[in-house]
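1. just a sequence and a predicted model for now, questions to come.
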Amino acid sequence: MKKTVGLVALLVLMLPSLGLSGALSFRFGYFIPRAQSDLWSIEFENMDFQKSDFQNTTLGIFYEHFLTREISLVIGVEGYGQTRLGSYVEFVSSSEMDWAYPAEFYEGYAISHNFSVSVTPIQLSVKFAPLGRRSGFIPYLGGGICLYVWNVKVLGDIVDFAYWEDIIEPDLGVVRIYAVDYAELRADNRFNIGFQAFAGFMIPIARRLALEAEFKFNYGKGSLGEAFRGFESFDLSGYQISLGANYWF
């Protein structure tokens, strides 16, 4: 995946050498996953991390080709990734890590695993600046398609709720315990098509340089594959706020 993203970024940097009128943008952003699919939900319900733990910064590079004074074509790439180590909230395990016991009744060892998500949208958009690009304040909006290059991984110990036993405790009665398995679940180098829409503004600070601020919504879903059999399509969508510099040439 890193090679694919690197090649796209290199292509974006090379486009100005073709001699076409346009602009390059370099952006620093903050991505907030929408996280509305069952794997997201299961992780947040069972583990001690929260949705806010998967918000993270992004870096992006974009080439903008001017078609008219108001309309341009934009191609770019930006990457999001986050990994968190979490422990089950309601269960602990013995030193053998074979079974998960209710934490409200037992003391033991944390049952933990890493949850890792990486989403890189390669974007092709149409951008519309209704006031053109020669005023002191340049609002714009637009949208287009994305090719999502993405990974999801769950690495570590998981509680398998499909396998359980009931044990008898003198003071508690019947207690249900669940099997603990070590898992290396990977959805690697997945590709899916999605969409995005954005709005923002630019403020020129020099003849060829402008600062820009943008809000974007990305939408996409993708199959997790055989490693996550039984799960619905993974939600790749999210909201993003970006600041950057736009250089015209």
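-> Yes, it's here.
2. next one: phi and psi at the residue nearest the centre of the chain?
-> The centre of the chain sits closest to Val119, judged by C-alpha atoms, centre = their mean, with a distance of 4.3 Å. Dihedral angles of Val119 (phi, psi; degrees, to the nearest 10) stand at phi -130, psi 120.
3. looks like it contacts Tyr148 (just checking).
-> Yes - using C-beta atoms under 8 Å as the test, Val119 is close enough to Tyr148 to be in contact (6.2 Å). From N, CA and C alone the C-beta is placed, and that goes for glycine too.
4. pull the residues that contact the host helix or strand of Glu214.
-> In this structure, Glu214 sits in strand 209-219 according to DSSP states H and E. By C-beta atoms under 8 Å, 6 or more residues apart in numbering, the residues outside strand 209-219 that reach it are 25, 27, 29, 121, 138, 146, 194-205, 236-248.
5. quick one: list the elements packing against whatever helix or strand comes next after it.
-> Read in the C-terminal direction, the helix or strand following strand 209-219 is strand 221-222, with elements assigned using DSSP H and E. If contacts are counted by 3 or more C-beta pairs under 8 Å, 6 or more residues apart in numbering; DSSP states H and E, strand 221-222 sits against strand 173-204, strand 234-235.
6. any idea how far Ile42 is from Glu165?
-> With distances defined as C-beta to C-beta, to the nearest Å, the gap from Ile42 to Glu165 amounts to 22 Å.
7. residues contacting Val180?
-> Going by C-beta under 8 Å, 6+ apart, Val180 touches Ser93, Met97, Asp98, Trp99, Ala100, Ile111, Asp157, Ile158, Val159, Asp160.
8. mind redoing it with 7 Å?
-> By C-beta atoms under 7 Å, 6 or more residues apart in numbering, the residues touching Val180 are Ser93, Met97, Asp98, Trp99, Ala100, Ile111, Asp157, Val159.
9. among those residues, which lie within strands?
-> Of these, the ones assigned to strands by DSSP state E are Ser93, Trp99, Ala100, Ile111, Asp157, Val159.
10. which members of these are the farthest-apart pair?
-> Greatest spatial distance among the ones in strands among the contacts of Val180 (C-beta to C-beta): Trp99 and Asp157, at 11.3 Å.
11. part of a strand, is Ala206?
-> No - secondary structure assignment (DSSP: H, G, I helix; E, B strand; the rest coil) places Ala206 in coil, not in a strand.
12. just give me the neighbour total for it.
-> Applying other C-beta atoms under 10 Å, we find 8 other residues in the vicinity of Ala206.
13. how far away is it from Ala245?
-> Ala206 is 10 Å from Ala245, by C-beta to C-beta.
14. contacting residues for the residue nearest to Arg34 when sequence neighbours are not counted?
-> In this structure, Arg34 finds its nearest non-sequential neighbour in Ser237, 4.2 Å apart by C-beta to C-beta, 6 or more residues apart in numbering. The neighbourhood of Ser237, defined by C-beta under 7 Å, 6+ apart, consists of Arg34, Asn218, Tyr219, Gly220.
15. same thing but at 10 Å, please
-> 32-37, 119, 148, 194-196, 217-221 (C-beta atoms under 10 Å, 6 or more residues apart in numbering).
16. alright, I will stop here.
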